[in-house]
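1. task: produce atomic coordinates for the following.
(one chain, ligands or ions: 1)
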Amino acid sequence: SSWFRNIDQAPKDPILGVTEAFLADQSPSKVNVGVGAYRDDNGKPVVLDCVREAEKRVAGSQFMEYLPMGGSIKMVEESLKLAYGENSEFIKDKRIAAVQALSGTGACRLFAAFQQRFHPNTQIYIPVPTWANHHNIWRDAGVPLKTFRYYYPESRGLDFAGLMEDIKNAPDGSFFLLHACAHNPTGVDPTEEQWREISSLIKSKGHFPFFDMAYQGFASGNLERDAKAISIFLEDGHLIGLAQSYAKNMGLYGQRVGCLSVLCEDEKQAVAVKSQLQLISRPMYSNPPLHGALIVSTVLGDPELKKLWLEEVKVMADRIIGMRTTLRENLEKRGSPLPWQHITNQIGMFCYSGMTPEQVDRLTSEFHIYMTRNGRISMAGINSGNVGYIADAIHEVTK
Ligand SMILES: Cc1ncc(COP(=O)(O)O)c(CN[C@@H](CCC(=O)O)C(=O)O)c1O
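-> Residues are numbered from 1 along each chain as shown. Below is the predicted model:
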C-alpha cells in the first residue's frame with residue numbers, strides 16, 4: 001500500500017554529509033578538513049598505542065555478557081575521576097549519578113530525555129553557534145530550545161557581554177548547555193576569569209549548567225586544564241550535568257563509548273537519578289556496548305597505560321596546535337589582506353575561519369577542499385604535506 005510514498009529524502013547532515021561528498025570525490029588532491037576526527041601528519045587515522053595494548057589484554061580474555069543498564073562500573077568510575085578529580089569529595093560522598101553512554105552524542109541525548117521527563121517545560125539555552133547535532137538532540141527529545149549569544153564575528157572571539165546578558169535575561173532556573181573546552185565549531189573558550197563570572201551569574205539565576213566535554217585533554221594536551229571550567233563550577237557549589245566522550249581523546253570514535261553524569265545533592269538523590277537514567281536507556285538500547293568500555297577501563301585502570309595515554313593525547317593536541325601556527329604563517333606569507341591571528345588564538349579540534357559559505361563552496365569546487373559551510377576547519381585534517389596547498393586555496397578565495 002502507500003505506507004512510505006509521502007516520505008521525503010532527509011537533508012544531508014551538515015557535518016557527516018561533508019565526509020560523504022569527500023569520499024565521492026575522485027580527485028587525487030582532495031583534502032578533508034570537515035569531520036572532527038584526528039589524523040596524523042600523514043593524514044592517517046590513529047589507533048593509540050595504549051589502546052592497542054589494552055586490546056591485546058582484552059582480546060579473547062573476556063566473556064561477552066550484557067553490561068548492566070548503567071554500563072561498565074569500572075569505566076564510569078574512571079571517567080568520574082577524570083572529570084571531577086582523583087580525590088573528589090563528590091565521588092567519595094556518592095553524590096554523582098553516572099552511567100556509561102553511547103559516546104558524547106548518547107550522553108547528551110540521554111540527558112535530554114531525562115530533562116524532558118522531569119522538567120518538561122524548562123527551556124535549554126544552547127550557544128550560537130554550537131555543534132550542529134545539539135539542536136537535533138534536544139529537539140528530538142522534545143525539550144523547548146532557546147539560544148544564547150556566544151561568538152563575536154568581528155573579533156572572531158567570544159561575545160562575553162552578549163553571553164552574560166542572555167544568561168541574565170533567561171528565566172530563573174533555565175538549563176544552559178556549555179562546552180567545557182574546545183568549543184565546537186568556534187574554538188573559542190572563555191578565559192578562566194570569564195568562566196568564574198559565568199559561574200557566579202548562573203548560580204545567582206538558579207540556572208542548571210549541562211557541560212558537554214567531548215575533548216578533554218585534546219584542547220590543551222592537559223586533562224586538568226581542559227576540565228578547569230568544571231572545577232570552577234564545582235567550587236561554586238553548582239549541581240551539574242556532564243557528557244564525556246572517548247571518541248577523540250582516546251581515538252575510540254566508532255566504539256561509541258562515553259559517560260553521562262549528574263551531580264546531585266546527596267547519595268539518595270543520586271541513586272534515584274541513576275535509576276531513572278537506566279529506566280530511560282533500557283527501552284532505548286537496553287545496555288551499552290562492551291568492547292569500548294573494556295578498552296577504556298583497561299587503559300585508565302592501569303597506571304602505566306594511563307600515563308602512556310596522557311602522553312599520546314598531548315602529542316595529538318600539540319600537533320594541532322603546531323598546525324595552527326603553520327597555517328597562520330602560510331596565510332600571512334602569501335600576503336593575505338585579512339587578519340588570521342584567530343587561527344592561533346582559538347583552541348581544540350576546530351578553527352572558525354570566518355570564511356563565507358560561498359567561499360567554502362569555491363574551496364570545494366575549485367580545490368577539492370572539504371569543510372562545513374560555516375567555515376569551520378577541522379585542524380586535524382591539515383598536515384605538513386597539504387598546509388601549503390590549503391593556504392594557497394584559502395588565499396585565493398579570500399583575497
Ligand atoms: C561538542 C561535541 N559534542 C559531542 C560530539 C559527539 O561525539 P561522539 O562521537 O558522539 O562522542 C561532538 C563530535 N563532533 C565532531 C564529530 C562528528 C560529529 O558527530 O558531528 C564534529 O563536529 O565534527 C562534539 O564536537
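
2. how near is Pro190 to Gly348?
-> 13 Å (Cβ to Cβ, to the nearest Å). Placement of C-beta: from N, CA and C, glycine included.

3. between these two, tell me which one has more neighbours.
-> The neighbour count for Pro190 versus Gly348, taken as other Cβ atoms under 10 Å, is higher for Gly348 (27 against 22).

4. the more buried one against Ala182, yeah?
-> Yes. Assessed by Cβ atoms under 8 Å, Gly348 is found in contact with Ala182 at 2.4 Å.

5. intersection of neighbour lists for these two?
-> Overlap of the contact sets of Gly348 and Ala182 (by Cβ atoms under 8 Å, 6 or more residues apart in numbering) consists of 189, 215, 218-219.

6. quick check: the farthest pair among those residues?
-> The most widely separated members of the shared contacts of Gly348 and Ala182, counting by Cβ to Cβ, are Asp189 and Phe218 (12.4 Å).

7. more neighbours: which of these two?
-> Phe218 (27 against 22).

8. pull the contacting residues for that one.
-> By Cβ under 8 Å, 6+ apart, the neighbours of Phe218 are 38, 182, 226, 248-249, 313, 316-317, 348-349.

9. export those as a markdown table, with columns for distance to Pro45, secondary structure and pLDDT.
-> Output for the contacts of Phe218, formatted as a markdown table (distance: Cβ to Cβ, whole Å; DSSP: H, G, I helix; E, B strand; the rest coil; pLDDT from 0 to 100):
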| residue | distance to Pro45 | secondary structure | pLDDT |
| --- | --- | --- | --- |
| Tyr38 | 7 | coil | 98 |
| Ala182 | 19 | coil | 98 |
| Asp226 | 22 | helix | 98 |
| Lys248 | 12 | coil | 98 |
| Asn249 | 14 | coil | 98 |
| Val313 | 15 | helix | 98 |
| Met316 | 11 | helix | 98 |
| Ala317 | 16 | helix | 98 |
| Gly348 | 18 | coil | 97 |
| Met349 | 14 | coil | 96 |
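
10. any idea how many residues pack against Val128?
-> Other residues close to Val128 by other Cβ under 10 Å number 15.

11. dump the residue contacts of it.
-> Val128 sits next to 147-151 when contact means Cβ under 8 Å, 6+ apart.

12. give me phi/psi at it?
-> phi -110, psi 110 (degrees, to the nearest 10).

13. if I look at it, how far off is the ligand?
-> Distance of Val128 to the ligand, computed by Cβ to the nearest ligand atom, to the nearest Å: 14 Å.

14. okay, that residue: pLDDT?
-> Val128 is assigned 98 on the pLDDT scale.

15. tell me what it is bridged to.
-> Note on Val128: beta-bridge partners by DSSP bridges are Arg149.

16. now the stretch 251-399 of the chain against the ligand: closest residue?
-> With Cβ to the nearest ligand atom as the measure, Gly258 is the residue of the stretch 251-399 of the chain nearest to the ligand, at 5.4 Å.

17. and that residue, what helix or strand is that in?
-> strand 257-263 (DSSP states H and E).

18. Glu366 too?
-> helix 357-367.

19. list of residues touching that helix?
-> 21, 29, 31, 355, 369-375, 389, 393-394, 396-398.

20. right, I'll call it a day here.
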